[in-house]
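**Q** Quick check, what structure comes out for this input:
(chains A and B)
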Amino acid sequence: MPTLWSQTLIPTLRQDPADAEVPSHRLMLRAGLIRQLGSGLYTYLPLGWRAMHKTIEIVREEMNAAGAAEVLMPALEPIELFADTKRDVEYGENLFRLTDRHGRHAALAPTHEEIITELMAAYVESYRQLPLNLYQIQTKYRDEFRPRFGVLRSREFIMKDAYSFDLTVEGLDTSYRAMYDAYCRIFDRCGLTYEIVEAESGPIGGSASHEFMVLCNTGEDTILKSDKGNYAANIDKCAIGPRKWTFDAPPTGDLEKVHTPDCASIEAVGKFMKVKPKHLLKTLIYSTDNGPVIAVVRGDHDVNEGKLKAACGFAVTLDDEACANRYPIGFVGPHLAAARDELNIVVDCDAAQDQFWASGANEIDHHVKHFNWKRDVLDHIDESRIKVADIRKAADGDPSPIGDGGVLREHRGIEVGHVFKLGTKYSDAMGFTVLDEDQKRRSVIMGCYGIGLGRIVAAAIEIGHDADGIIWPASIAPYSVHIVPIKYEGELCKTCLSLAEQLEAAGMDVLIDDRPERPGVKFNDADLIGCPIRLTIGEKGLAQNSVEFKRRADGKAKAELVKLDQVVRRCQEALDI
RNA sequence: CGGGGUGUAGCUCAGCUUGGUAGAGCGCGUCGUUCGGGACGACGAGGUCGCAGGUUCAAAUCCUGUCACCCCGACCA
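**A** This is a model prediction of the structure:
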């Protein structure tokens, strides 16, 4: 049965909602797809929920085709499960916590690694039961510090999360690849253009991971992509190609101390000393299990803690308060290592260069000019205490790490999917082992794979809209055909219903605008909600035994007159079905 | 969490400085005229002005508190 506009709820808005900033949020509100209930909380209205349903169906089909089995786990979970893997601490404030009437502590699940591992540990005891991949489509909860951009960053959202279980690393590779490929098919089918980038795995933990990013300016994530097209990574992960460095440069002058009061930032110091940030050394003190480490990057660069950790071989934390007692935080220079034996030092390649340097003077309210690596540091410490490495965040213009001569360019993206190789983090923490062929107990190797369903819908709108409204990809449009009768009565009405019946018999879903509105209102609403095909039924056309056929993607182009008996075929053609 | 801003009708907003019993446009209802890209006219419905205290003869307006929402920022010395 076709949907009659009058029998559903499509509250289109003429004016832009005041609180919506990005196009997808604005259009989802205006086209009557969603309604905000509170910060980061949205109701999906009929149109939005239909688009979501189609998205979910695509995801489900591809997951099933990839050999995964669907389950449904509780959203509410005992906090103890999180404590087992210490994620109650690692996830921190982002975890929604609550207490029940008995005083039991619980959490609203932001992801389900612990729950699925508990489940699997209970039922899977033999390698013969592996490999397995289970997934669910569930509402997730994250107490975001700042929900924004509509459903793109909300506190409650629908996610598909899958978990794979293998006995061997090779098995994990196969499972990972299967998900990776399934994700490509899913996003292709959803009509998205996307980039696959190397990514950090974050608090989920794990060893390798890729993110599926829809590139658009309103995206919250920053990615870097080689202009040669064969490397792309999240900025948190992105490696930088080989760079030359040296500590052997001659001094640019005598070390000169400058009084720099009230200069709390690189910018302020630079301004005060009339030195560009790229001539300043940014010197940070991190604590590690192996003692404190000085990290040095150029003033206009940022430390990447993941890279620093890799360079040190130990987890690093920046602990200002602890350090403030021992070091002149804010005015530290690399030569502090010469005076303090406990400090090791890691320098980014771009900070180990032959040029004029200014840095902290290791004295409150003072900096120095003409800092020289050899004279002020290398000549005073054992070589083993200093190391040069890639420890900063990559930036636009950096060389691609592939070494193909490519240059990294910065883009913004919406993360719609993420695949991780988890390894045995969860199985170890929760004692999930199986017996192998040799009757030895082995930790199960896991992978996890997420897709933000609401983000697919929003991203599709983000890259598919014009000044008049949404332009849906056919696969996830709420309806494939939108019939607009000039008047919903008599012969016109009959034609609408008969066309709708034929279209639906041919596998299309149909919305009929049966409202007693003026045509202009209906046309504008049709453009706004953006179904791929609009059929206009009017007396003029009917006199020629025809209706007007128009694709939303064609914008203001003139409609095409199509004979009644050709309509179904023309629609199928246009929808590519 | 820090900073800024906003809460008045379903939506977008005015009124607040200088207290006097609440307005516009859109939307909604009835009637009429219209009727192929957001029609026009008439009449009408709709708001305890976020909430709680306080000041005052009188509070949307002033004061205090509180809640909600939005924006910017948030280890980068």
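
**Q** List the residues that contact residue A:266.
**A** Residue A:266 makes contacts with A:277, A:280, A:282, A:299, A:300, as judged by Cβ atoms under 8 Å, 6 or more residues apart in numbering. Every residue, glycine included, has its C-beta placed from N, CA and C.

**Q** Nearest spatial neighbour of it, chain-adjacent residues omitted?
**A** Excluding its sequence neighbours, the residue lying closest to residue A:266 (Cβ to Cβ, 6 or more residues apart in numbering) is residue A:299, at 4.6 Å.

**Q** In contact with the closest residue to RNA strand B within chain A, which residues?
**A** Nearest to RNA strand B, among the residues of chain A, is residue A:538, at 1.7 Å (Cβ to the nearest atom of the strand). Listed by Cβ under 8 Å, 6+ apart, the contact partners of residue A:538 are A:485, A:486, A:492, A:547, A:548.

**Q** cutoff 10 Å now
**A** Residues in contact with residue A:538 (Cβ atoms under 10 Å, 6 or more residues apart in numbering) are A:484, A:485, A:486, A:487, A:492, A:495, A:519, A:546, A:547, A:548.

**Q** Tabulate the residues you listed (JSON lines), appending distance to residue A:207 and pLDDT.
**A** Listed next are these as JSON lines, based on distance: Cβ to Cβ, whole Å; pLDDT from 0 to 100:
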{"residue": "A:484", "distance to residue A:207": "54", "pLDDT": "97"}
{"residue": "A:485", "distance to residue A:207": "58", "pLDDT": "97"}
{"residue": "A:486", "distance to residue A:207": "61", "pLDDT": "96"}
{"residue": "A:487", "distance to residue A:207": "64", "pLDDT": "94"}
{"residue": "A:492", "distance to residue A:207": "63", "pLDDT": "95"}
{"residue": "A:495", "distance to residue A:207": "61", "pLDDT": "97"}
{"residue": "A:519", "distance to residue A:207": "59", "pLDDT": "95"}
{"residue": "A:546", "distance to residue A:207": "61", "pLDDT": "97"}
{"residue": "A:547", "distance to residue A:207": "57", "pLDDT": "97"}
{"residue": "A:548", "distance to residue A:207": "57", "pLDDT": "97"}
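
**Q** Now list the buried members of the residues you listed.
**A** A:484, A:485, A:486, A:492, A:495, A:546, A:547, A:548 (16 or more other Cβ atoms under 10 Å).

**Q** which residues pair with the closest residue in space to the fourth one that isn't next to it in sequence across the strands?
**A** Counting by Cβ to Cβ, 6+ apart, the nearest residue to residue A:492 once its immediate chain neighbours are dropped is residue A:485, at 4.7 Å. When bridges are taken as DSSP bridges, the partners of residue A:485 come out as residue A:537.

**Q** Would you agree residue A:485 is in contact with residue A:526?
**A** No - Residue A:485 is not in contact with residue A:526 according to Cβ atoms under 10 Å; the separation is 11.5 Å.

**Q** Between those two, which contacts overlap?
**A** With Cβ under 10 Å, 6+ apart, residue A:485 and residue A:526 have common neighbours A:513, A:535, A:536.

**Q** The last one against residue A:558, yeah?
**A** No - at 11.5 Å, residue A:536 does not count as touching residue A:558 under the criterion of Cβ under 10 Å.

**Q** Who wins on neighbours among the shared contacts of residue A:485 and residue A:526?
**A** residue A:535 (28 neighbours; other Cβ atoms under 10 Å).

**Q** In which helix or strand does that one reside?
**A** strand A:533-537 (DSSP states H and E).

**Q** same question, residue A:296
**A** strand A:293-298.

**Q** Next, the buried residues of the following helix or strand past that strand.
**A** Sequence order places helix A:305-312 as the next helix or strand after strand A:293-298, per DSSP H and E. Under the neighbour-count criterion of 16+ other Cβ under 10 Å, helix A:305-312 has A:305, A:307, A:308, A:309, A:311, A:312 buried.

**Q** What are the buried residues along stretch A:124-132?
**A** For stretch A:124-132, by 16+ other Cβ under 10 Å, it's A:124, A:127, A:130, A:131, A:132.

**Q** What residues does the spatially closest residue to the fourth one that is not a sequence neighbour make contact with?
**A** So that's residue A:131. Nearest residue to residue A:131, sequence neighbours excluded (Cβ to Cβ, 6+ apart): residue A:166, at 4.7 Å. Contacts for residue A:166 were tallied using Cβ under 10 Å, 6+ apart; they are A:127, A:130-133, A:172-176, A:444-447.
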